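**Q** turn this into a model:
(chains A and B)
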There are 2 protein chains.
Amino acid sequence: MALRKGARRISSSGDEERKNLLMSIAGALDFSRERIREANDADLKAAEDKGLQPSLMKRLAFTEEKIDSSIQGLKELCSLPDPIGRVLEKRELDPGFILERVSFPIGVIAMIFEARPDALVQIAGLALRSGNAVVLKGGSEARNTNRVLVDIISEAAGNDWILGVESHEDVSILLGMDRYIDLVIPRGSNAFVRYVMDHTRIPVIGHADGICSVYIDSSADCDKALSIAVDSKTQYPAACNAAETFLVHEGAAPVFLPKLNAEFARLGVKVHADGKAIAYMDGAVPAVPEDFDTEFLALECAVKVVSSIDEAIEHIAEHSSHHTDAIVTESEDAKRRFFQDVDSADVFCNCSTRFADGFRFGLGAEVGISTGKIHARGPVGLSGLMTSKWLLSGHGETVAEYSGRNGKSFHHKELI
Amino acid sequence: MALRKGARRISSSGDEERKNLLMSIAGALDFSRERIREANDADLKAAEDKGLQPSLMKRLAFTEEKIDSSIQGLKELCSLPDPIGRVLEKRELDPGFILERVSFPIGVIAMIFEARPDALVQIAGLALRSGNAVVLKGGSEARNTNRVLVDIISEAAGNDWILGVESHEDVSILLGMDRYIDLVIPRGSNAFVRYVMDHTRIPVIGHADGICSVYIDSSADCDKALSIAVDSKTQYPAACNAAETFLVHEGAAPVFLPKLNAEFARLGVKVHADGKAIAYMDGAVPAVPEDFDTEFLALECAVKVVSSIDEAIEHIAEHSSHHTDAIVTESEDAKRRFFQDVDSADVFCNCSTRFADGFRFGLGAEVGISTGKIHARGPVGLSGLMTSKWLLSGHGETVAEYSGRNGKSFHHKELI
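**A** Below is the predicted model:
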């Protein structure tokens, strides 16, 4: 596959070269606004005819403002330090015999993502900055816009490291190309991510559910707890990092829950409350067990009263999807316990679960959020697109010299 | 599954606690030599009756010397720094709003390995040191020894983090337990590793072929090249890091190849030489194209004359299994080119490919060598058994405050 060669070329390119290519793309996008608008208008019209939901129409529209921020995003990628060739480990095995582990691009990455043209630009930019070749399969509603964007990017920065594919059949073909593709990053519904994982032997980084919880400790500051709960649930309920479950210590429940109930009633949040919580929450419906395993992705949540931080940690171990879980507490001990014992990608104290995001984390941008534990966990930025290689420099050393009873021994001196 | 709870307990245990458990295991092994010998004798007798190959018999025997070095290995694991809780990134998102990425055990790891009792002790030790729970499936020829070793380890260090399984059916069951097992590390034949990858949705770290090459540059020192070639090929030909292919620059060929040929003849190495090389290598057989894609794992190799370093790099890109490739050169430029452009787990200059090994690299020990690019690459030691989690500590921050035109902005100040 030609991309394999392109990956090699782009992985060998220097920092300046990749930055210049990113700037060329930024310039080309700016210069091609008309061409982009025409393609995007065609996509928007087709989507309207098909009756696409308004929220999806909004994502599909590549407005002037979004083009501006895409250009800005490419410029910001240039300001991040070169991710290639960073020395991650350095060790002297014996005098003058030096081992280094340096960062290196993964190779060819396939990204499957939703109908959002700005995502295409961002992903292509991340791939180029990190020296990877990329296969892009965007949502089919954005087909015309995507095609034009891949053309513009290829014209500005070469076409050997980027390939746009369009059809569902192409996805099946991609998933079978384990000799040519090193990593697949699917975004979309759980069912889709699951499907990808089940139909390829290529490694997959993806995220499953976002069942995030907020635990309000007995020592929580009630006002903080309230604004964190409201933000976590309502600031953007359709996001994977929105909270679905609230666990409230029985010591905090009598004061906190009536206030939370009033706020949630005002904001139209439907509450499923367990046996103890419902006493403090007029209008809530009784929770059934499945409510605590549900990703509502809407103005709806489950509330449970717990008798200890241990019960909260236990509940999270059983029911959370290990995406993002938060504690609200004024106790350093409780915070330490929670940070230690909750095994989720993101574990927060005294802030909203909604901060779980590559941009907010300062990663520049993100290709997705991983709920897996292998390779990358949580928001995945440039570093998630890198692997490493071991470089060993000697002066004729053989293993035979270091073998047997009288063999030389290694001194393994750390150099960084 | 009980191991999930055991994994949580062991991941929360302190450095001292895990070191004490390792020392308890070391003591118990020392105390139980008689019990181990009885079990191992039973395995050896059964294997002899079945006519097991001598080399496999040798691996199966858990001699006093191997018990000593297993005990020594456990003590050495104690001397490595605690892999849990290392701060990998630290960033202030806004004054007082601190994000950290810290290392954390992966959880439950399933290791499938050959009939080598010392490997069981080493893997259990690595798991415990890194705070992971482990399912061990050793080669069935070592069944009795393995059972006794798991018993001894459990008696000394608790049984909630370690589980030994014995049958092939158990492997199928393990591979289906993607809710309970976070990572599978299979060792064994390529076909077996492939089988594992094809029959599980659990992430797999494994290695495929070890087709390693040594490129002798035009500027190579002939003596160094000779001893490196001999060591890479003959020091232990059955190892995955032994060299299979020698690429020789046409400038070096007339002097180097006759010497190499004489040494290889003396050592009984069969040579498959390409059209140009055969002129310098009496007694070699003409190479066919498949010879350059073959892992001989024996005193046999393929030799090719190339006209440039580019041709060598190109050959490696096409034919190497990207495990370990070495250059012999006195030119800094050639070294730089090779280190930059060869995309293999291990890229060496002026030393034997046989150095590709966790112990020699100073990783303490290894669970295997990864030829994949995801998560871990090359020899996999303690750090390959770790993931990370993001910890964010605030004072009531909400995303709403940081949103919209007048929202606060992040300052993203790196703290390490």
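**Q** so how far is the lengthiest strand in chain A off the chain centroid?
**A** Assignment by DSSP state E gives strand A:386-397 as the longest strand of chain A. Centroid separation for strand A:386-397 versus its chain: 31 Å, with Cα atoms, centre = their mean, to the nearest Å.
**Q** now stretch A:17-36
**A** Worked out by Cα atoms, centre = their mean, stretch A:17-36 lies 25 Å from the chain centre.
**Q** hmm, it touching chain B?
**A** No - using Cβ under 8 Å from any Cβ of the partner chain, stretch A:17-36 stays clear of chain B, with a minimum separation of 13.3 Å. (Each C-beta comes from the backbone N, C-alpha and C, glycine too.)
**Q** average model confidence for that stretch?
**A** The average of the pLDDT scores along stretch A:17-36 is 97.
**Q** with only the CA atoms kept, save the helix or strand of chain A with the lowest mean pLDDT in PDB.
**A** Using mean pLDDT, DSSP states H and E, the weakest-scoring helix or strand in chain A turns out to be helix A:190-198, at a mean of 85. The C-alpha trace of helix A:190-198 is given here as PDB (Å, rounded to 0.1, in the frame of the first residue of the first chain):
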ATOM      1  CA  ASN A 190     -20.800   2.100  21.400                       C
ATOM      2  CA  ALA A 191     -22.300  -0.500  19.100                       C
ATOM      3  CA  PHE A 192     -20.100   0.800  16.300                       C
ATOM      4  CA  VAL A 193     -16.900   0.800  18.300                       C
ATOM      5  CA  ARG A 194     -17.800  -2.700  19.500                       C
ATOM      6  CA  TYR A 195     -18.400  -3.700  15.800                       C
ATOM      7  CA  VAL A 196     -14.900  -2.400  14.800                       C
ATOM      8  CA  MET A 197     -13.200  -4.300  17.700                       C
ATOM      9  CA  ASP A 198     -14.900  -7.500  16.800                       C
END
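**Q** and the next helix or strand past it?
**A** strand A:212-216 (DSSP states H and E).
**Q** average pLDDT for that following strand, rounded please.
**A** When pLDDT is averaged over strand A:212-216, the result is 98.
**Q** quick one: is that strand near chain B?
**A** No - using Cβ under 8 Å from any Cβ, we find that strand A:212-216 stays clear of chain B, coming within 11.9 Å at best.
**Q** going by contacts, tell me the helices and strands next to that strand.
**A** On a contact count with 3 or more Cβ pairs under 8 Å, 6 or more residues apart in numbering or on different chains; DSSP states H and E, strand A:212-216 meets helix A:222-234, strand A:243-249, helix A:309-319, strand A:324-328.
**Q** let's see 6 Å
**A** helix A:222-234, strand A:243-249, strand A:324-328 (3 or more Cβ pairs under 6 Å, 6 or more residues apart in numbering or on different chains; DSSP states H and E).
**Q** partner strands of it, with direction?
**A** strand A:243-249 (parallel), strand A:324-328 (parallel) (DSSP bridges).
**Q** please parse chain A into its domains.
**A** A:2-83+A:105-206+A:372-389, A:212-361 (automatic domain parsing).
**Q** all helices for chain A, in order.
**A** A:2-12, A:15-31, A:33-50, A:54-60, A:64-79, A:117-129, A:143-157, A:168-176, A:190-198, A:222-234, A:253-267, A:309-319, A:332-341, A:358-361 (DSSP state H).
**Q** and the ones you listed, which one's lowest on average pLDDT?
**A** Taking the mean pLDDT of these, helix A:190-198 comes last: a mean of 85.
**Q** okay, buried residues for it please.
**A** Neighbour-count burial for helix A:190-198 flags A:193, A:196, A:197 (criterion: 16 or more other Cβ atoms under 10 Å in any protein chain shown).
**Q** ok, back up a step: mean neighbour count, the domains of chain A: which tops it?
**A** domain A:212-361 (a mean of 21; mean count of other Cβ atoms under 10 Å in any protein chain shown).
**Q** now residue A:166: closest residue in space that isn't a chain neighbour?
**A** Leaving aside its sequence neighbours, residue A:166 sits nearest to residue A:143 (Cβ to Cβ, 6 or more residues apart in numbering or on different chains; 5.8 Å).
**Q** what's the spacing between that neighbour and residue A:136?
**A** Note on residue A:143: its distance to residue A:136, by Cβ to Cβ, to the nearest Å, is 12 Å.
**Q** what does residue A:30 give?
**A** 21 Å.
**Q** ok, back up a step: now render the helices and strands packed on strand A:212-216 as TSV, adding distance to residue A:13.
**A** Formatted as TSV, the helices and strands packed on strand A:212-216 follow (distance: least, Cβ to Cβ, whole Å):
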stretch	distance to residue A:13
helix A:222-234	42
strand A:243-249	43
strand A:324-328	36
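**Q** can you tell me which residues in the stretch 301-416 of chain A are near chain B?
**A** Residues of the stretch 301-416 of chain A lying close to chain B by Cβ under 6 Å from any Cβ of the partner chain are A:339-341, A:346-352, A:354, A:362, A:373-375, A:377-378, A:387-400, A:412.
**Q** related to what we said a few turns ago, what angle separates the longest strand of chain A from helix B:332-341?
**A** 150 degrees (axes from the mean of the first three to the mean of the last three Cα atoms, to 10 degrees).
**Q** orientation of strand A:386-397 relative to helix B:222-234 in degrees?
**A** Going by the same axes, to 10 degrees, strand A:386-397 makes 120 degrees with helix B:222-234.
**Q** list the strands paired with strand A:386-397, with their directions.
**A** Assessed with DSSP bridges, strand A:386-397 is paired to strand A:97-105 (antiparallel), strand B:346-351 (parallel).
**Q** coming back round to it: what's the separation between the residue nearest to residue A:166 and residue A:36?
**A** 14 Å.
**Q** so what touches stretch A:7-17?
**A** A:82, A:105, A:107, A:108, A:131, A:133, A:161, B:340, B:341 (Cβ atoms under 6 Å, 6 or more residues apart in numbering or on different chains).
**Q** ok, now how distant is residue A:136 from residue A:108?
**A** In terms of Cβ to Cβ, residue A:136 sits 12 Å off from residue A:108.
**Q** tell me the contacts of the residue positioned nearest the centre of chain A?
**A** For chain A, residue A:369 is the residue whose C-alpha lies nearest the centre (Cα atoms, centre = their mean; 2.0 Å). By Cβ under 6 Å, 6+ apart, the contact set of residue A:369 is A:207, A:379.
**Q** intersection of neighbour lists for residue A:143 and residue A:136?
**A** Joint contacts of residue A:143 and residue A:136 (Cβ under 6 Å, 6+ apart) do not exist.
**Q** hmm, stretch A:53-65 in reach of chain B?
**A** No - against chain B, stretch A:53-65 shows no contacts by Cβ under 6 Å from any Cβ, the least distance being 11.9 Å.
**Q** now that stretch - C-alpha only, PDB.
**A** What follows is stretch A:53-65, C-alpha atoms only, in PDB (Å, rounded to 0.1, in the frame of the first residue of the first chain):
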ATOM      1  CA  GLN A  53     -31.700  15.900  13.100                       C
ATOM      2  CA  PRO A  54     -30.900  19.600  13.800                       C
ATOM      3  CA  SER A  55     -28.100  18.700  16.200                       C
ATOM      4  CA  LEU A  56     -26.400  16.700  13.400                       C
ATOM      5  CA  MET A  57     -27.000  19.400  10.900                       C
ATOM      6  CA  LYS A  58     -25.200  21.800  13.200                       C
ATOM      7  CA  ARG A  59     -22.200  19.500  13.300                       C
ATOM      8  CA  LEU A  60     -22.200  19.000   9.600                       C
ATOM      9  CA  ALA A  61     -22.200  22.800   8.800                       C
ATOM     10  CA  PHE A  62     -18.600  23.900   8.200                       C
ATOM     11  CA  THR A  63     -19.300  27.600   8.900                       C
ATOM     12  CA  GLU A  64     -16.800  30.400   8.300                       C
ATOM     13  CA  GLU A  65     -16.300  30.500  12.100                       C
END
